[in-house]
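Enquirer: Sequence plus the predicted model coming up.
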Amino acid sequence: MSPEIFYYDQPFVLESGATLPGLQIAYHTYGQLNAEITNVVWAFHALTANSEVMDWWPGLFGEDAFFNPKDNFIICANVIGSPYGSTAPQNPDFPVFTVRDVVKAHLLLAEALAISNIKVVIGGSFGGSQALEFAYSFPGKIENMVLVASAALESAWGIAIHEAQRLALQADASFGQPGGGGQGLQAARAIGMLTYRTADAFMATQTDADERMDDFKAASYIRYQGEKLVRRFNALSYYYLSKCLDSHNIGRGRGGLEQALQAIDTRTLVIGIDTDQLLPTRLQKFMARHLPNATYKEINSAYGHDGFLIETEKLSRLIRKFIVERQAKQITVAELEALMASHEDFQLIDVREPFEVVIASIGGINIPLKDIPGRLTSIARDKKVVVYCRSGKRSASAIEYIEEAIDHDQLFNLEGGILAWAEKIDQSVEVY
């Protein structure tokens, strides 16, 4: 699907003071914006990605994913400097630009699309840098922010890696010429690949089974990754975008990192990856400590930094719980037992198929997830409603729908499933 193009025909002043005569931003949207403007999800892409978020973040974005176009109006804009349709360098005379310049362009697009309220902003890696800057500057309301494998400041380690990549680019005599720099780009990508994955991941997947003396599997893999990027990207864009990455500092001119982070009161989920060598988890923990409304979660991954693109099932689980918890309080087995022991009037809804008999024994009802839209009248408006399922995913989806459809404010999500709690509360069931 070809991107839409936003044209800005006025001078665009960069943070450095340099000026672009105009601007164009390529972007994709998926789904329909609702009348209340409450279903916007804005995704920010990483270094060499584009605005087709459905293609490069499958599992998290897609028809059957947590962020789907049926329920959400999804926006993803291509950053300036990228070769995928936005204003980009054509020669080495292009001015250096920063993450704030990238976000300034996003803000112009948001204004043009009349987006004043955003349900979720989300980004991983470089996308997380953009999301953080966007949250600082957006004049409207952002309800939730998700930052994955990102930081408040580009580290000295990251800058050193980028400089090594730029040296590789500049060592190619054709760098800066139209269509040039391919060999340098291949080498720069090879350097990057060593930071995106882990040593263990390479040894697990690229170790040769035989006793060869040349043409090793790992060497072939690195060459292949470089060649693949050369076919779809641009050496000048890589150079300028790596410079842009270096510029990331949410605290510059704002009183420092802590003060700038404390000014962002958006409800935030910060996610680190335990094996990330490029952006270690201490960088995410720093953000979570200083953002006033942040929660930190960490995922295990064998893939290192690339886990933010690969571990979509784990990410979806964390994000779903984070978003849903805003509407639904988690209720534990012990708390449910206390409700029953006190004879408090509540409704228990099983969204599984088939229905479990023990639920009926305490007055619970069965409404399979797919039937909830047609059975809203069965749901009590004036009492606590406890929703549960073995997986947790279905109960989370049910709670999201119920809260939006009937504006229920006493929804509870039972942690665990029937097997987890039935054994513990048999006596309470009998009493109740």
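Expert: Cool, got the structure.

Enquirer: and Lys243, how far is that from Arg252?
Expert: For Lys243, the distance to Arg252 (Cβ to Cβ, to the nearest Å) stands at 15 Å. The C-beta positions use only the backbone N, C-alpha and C, and glycine is treated the same way.

Enquirer: scratch that, Ile5 is what I was asking about
Expert: Applying Cβ to Cβ to Ile5 and Arg252 gives a distance of 30 Å.

Enquirer: out of the two, which sits in the more crowded spot?
Expert: Comparing Ile5 with Arg252 by neighbour count (other Cβ atoms under 10 Å), the higher total belongs to Arg252, at 16 against 12.

Enquirer: does the more buried one belong to a helix or a strand, and which?
Expert: In the assignment (DSSP states H and E), Arg252 maps to no helix and no strand.

Enquirer: And it, how far from Ile142?
Expert: Taking Cβ to Cβ, one finds Arg252 at 21 Å from Ile142.

Enquirer: Over to Val102?
Expert: Val102 is 17 Å from Ile142, by Cβ to Cβ.

Enquirer: Tell me, how many residues neighbour Gln262?
Expert: 13.

Enquirer: list the contacts for it?
Expert: 290-292 (Cβ atoms under 8 Å, 6 or more residues apart in numbering).

Enquirer: again, only this time at 10 Å
Expert: 255-256, 290-292 (Cβ atoms under 10 Å, 6 or more residues apart in numbering).

Enquirer: Take these and write them to CSV, including secondary structure, pLDDT and neighbour count.
Expert: Listed next are the contacts of Gln262 as CSV, based on DSSP: H, G, I helix; E, B strand; the rest coil; pLDDT from 0 to 100; neighbours: other Cβ atoms under 10 Å:
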residue, secondary structure, pLDDT, neighbour count
Gly255, coil, 98, 11
Gly256, coil, 98, 14
His290, helix, 97, 18
Leu291, coil, 97, 24
Pro292, coil, 94, 12
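
Enquirer: what's the closest of the residues you listed to His106?
Expert: Ranked by distance to His106 (Cβ to Cβ), the contacts of Gln262 are led by Leu291 at 19.8 Å.

Enquirer: Go ahead and confirm the closest one touches Thr268.
Expert: Yes: Leu291 lies in contact with Thr268 (Cβ atoms under 10 Å); the separation is 5.1 Å.

Enquirer: what do these two both touch?
Expert: Common neighbours of Leu291 and Thr268, using Cβ under 10 Å, 6+ apart, are 132, 135, 145, 147, 261.

Enquirer: so what's the last one up against?
Expert: For Leu261, the set of contacting residues under the criterion of Cβ under 10 Å, 6+ apart consists of 132, 136, 152, 250-251, 254, 268, 286-292, 294.

Enquirer: Strands - which of the shared contacts of Leu291 and Thr268 land there?
Expert: 145, 147 (DSSP state E).

Enquirer: Restricted to buried residues, select the shared contacts of Leu291 and Thr268 in PyMOL.
Expert: To isolate the buried ones among the shared contacts of Leu291 and Thr268 in PyMOL, judged by 16 or more other Cβ atoms under 10 Å, type:
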select buried, resi 132+135+145+147+261
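
Enquirer: tell me which of the shared contacts of Leu291 and Thr268 is nearest to Arg197?
Expert: Out of these, the member with the shortest distance to Arg197 (by Cβ to Cβ) is Leu147, at 21.1 Å.

Enquirer: per-residue confidence for the nearest residue to the closest one once chain neighbours are set aside?
Expert: Residue nearest to Leu147 in three dimensions, not counting chain neighbours: Gly128, with 4.3 Å by Cβ to Cβ, 6 or more residues apart in numbering. Here, the pLDDT recorded for Gly128 equals 98.
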